[in-house]
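Student: Task: produce atomic coordinates for the following.
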Amino acid sequence: MTARPRRGAADRSADERDDAAFAAFVAARLPHLLKLGRALTGDDQRGADLVQDALERTLLRWKRVDDPEAFVRRAMVNRSVSVWRKVRRERPLTDRGDGGPSAADRPFDHELLAAVRRLPPRQRAVIALRYYEDLTEAQTAEVLGCSVGTVKSQAHRAMAALRVQLPTFADREELS
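Tutor: Sure thing, here's the model as predicted:
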């Protein structure tokens, strides 16, 4: 039977600092990540599951991650893509069970979110990263692992579909 080496105080304090840094990162970015998860999946609960899965993967690699925000976003997009590839088809999502928008939503945002939910997964990912995350086309292409041209074409198609689904949305937003 071999004895396990004892961990020194320096090792424990380094681990505690890493845990504290991870906890601070999660506390600061969780609301933003939940919005991205909701945008990627079209559902609050599945979005929260996506965030949790990405944060678990990040925690396991925390010491080696240079840019935690980018790592988590990439993990969320990859996991989202993996899920819809397995399904190989879109399933229509039901409306939110609580009967309306959350308290943080502005009027009519629930209609926009429902329209985004109906987009194909790749277009939904581009819209989520470009407009919810406010990434550039180049950053979005990097996260999705595609070319900038693909991001542009997917965003164009998604915006065209959203304009067809919500032709009066812009008019109503001006009234708000």
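Student: In the protein, which helix is the longest?
Tutor: Longest helix in the chain by number of residues (criterion: DSSP state H): helix 9-41.
Student: Does it pack against any helices or strands, and if so which?
Tutor: When contacts are defined as 3 or more Cβ pairs under 8 Å, 6 or more residues apart in numbering; DSSP states H and E, helix 9-41 packs onto helix 44-60, helix 68-87, helix 109-117, helix 121-127. Where you see a C-beta, it was placed from the backbone N, CA and C, and this is true even at glycine.
Student: Pull out the buried positions in that helix.
Tutor: Across helix 9-41, burial judged by 16 or more other Cβ atoms under 10 Å covers 22, 25-26, 29, 33-41.
Student: Over to stretch 123-137?
Tutor: For stretch 123-137, a neighbour-count test (16+ other Cβ under 10 Å) marks 123-130, 132-133, 135, 137 as buried.
Student: chain center to that stretch, what's the gap?
Tutor: 9 Å (Cα atoms, centre = their mean, to the nearest Å).
Student: pLDDT on it, on average?
Tutor: Here stretch 123-137 scores 90 as its mean pLDDT.
Student: distance between the ends of that stretch?
Tutor: The first and last residues of stretch 123-137 sit 13 Å apart, counting by Cα to Cα, to the nearest Å.
Student: roughly how far out does stretch 32-39 sit from the chain middle?
Tutor: Relative to the centre of its chain, stretch 32-39 is centred 4 Å away, using Cα atoms, centre = their mean.
Student: residues contacting D19?
Tutor: Contact analysis of D19 by Cβ atoms under 8 Å, 6 or more residues apart in numbering lists nothing.
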